[in-house]
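1. just need the structure, nothing else, for what follows:
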Amino acid sequence: MHKKMTISLDEAVYEGLYRTIGKRRMSQFIEDLLRPHVLGAALDEGYRAMAADKEREAEAMAWCNALAKDMADEAR
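-> Model (predicted):
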């Protein structure tokens, strides 16, 4: 979920941001810059490491498929 907020920037900074990023992409650009400072990079690194573990991903996919099959069987 996204939250709306108002921030104040120096006019020159705003104009540079507008020229470089564009009006419709400013929020995402700022969020991408702030994310590692407020959430920590460890979480992102952890998710990348889990996704790179092919054996773990295969086991997770098998578990999800089995669960989906069980749910389909119960629906009948």
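
2. what does stretch 13-28 contact?
-> Applying C-beta atoms under 8 Å, 6 or more residues apart in numbering, the contact partners of stretch 13-28 are 9, 29. Using the backbone N, CA and C atoms, a C-beta is placed for each residue, glycine as well.

3. buried set for it?
-> Using 16 or more other C-beta atoms under 10 Å as the test for burial, stretch 13-28 gives Leu17.

4. how long is that stretch from one end to the other?
-> Taking C-alpha to C-alpha, to the nearest Å, stretch 13-28 runs 16 Å from one end to the other.

5. now stretch 1-11
-> OK, stretch 1-11 end separation, C-alpha to C-alpha: 29 Å.

6. for it, the distance to its chain's centre please.
-> 19 Å (C-alpha atoms, centre = their mean, to the nearest Å).

7. what is the mean pLDDT for that stretch?
-> The average pLDDT within stretch 1-11 is 94.

8. repeat that for stretch 38-50.
-> 79.

9. so who does Phe29 touch?
-> By C-beta under 8 Å, 6+ apart, the neighbours of Phe29 are 17, 21.

10. hmm, try it at 10 Å
-> By C-beta atoms under 10 Å, 6 or more residues apart in numbering, the residues touching Phe29 are 17, 20-22.

11. can you list those residues in a markdown table and add secondary structure, distance to Met5 and pLDDT?
-> Listed next are the contacts of Phe29 as a markdown table, based on DSSP: H, G, I helix; E, B strand; the rest coil; distance: C-beta to C-beta, whole Å; pLDDT from 0 to 100:
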| residue | secondary structure | distance to Met5 | pLDDT |
| --- | --- | --- | --- |
| Leu17 | helix | 16 | 95 |
| Thr20 | helix | 21 | 95 |
| Ile21 | helix | 17 | 94 |
| Gly22 | coil | 19 | 94 |
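
12. mind giving me JSON lines with those and columns for distance to Trp63?
-> Listed next are those as JSON lines, based on distance: C-beta to C-beta, whole Å:
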{"residue": "Leu17", "distance to Trp63": "44"}
{"residue": "Thr20", "distance to Trp63": "45"}
{"residue": "Ile21", "distance to Trp63": "41"}
{"residue": "Gly22", "distance to Trp63": "42"}
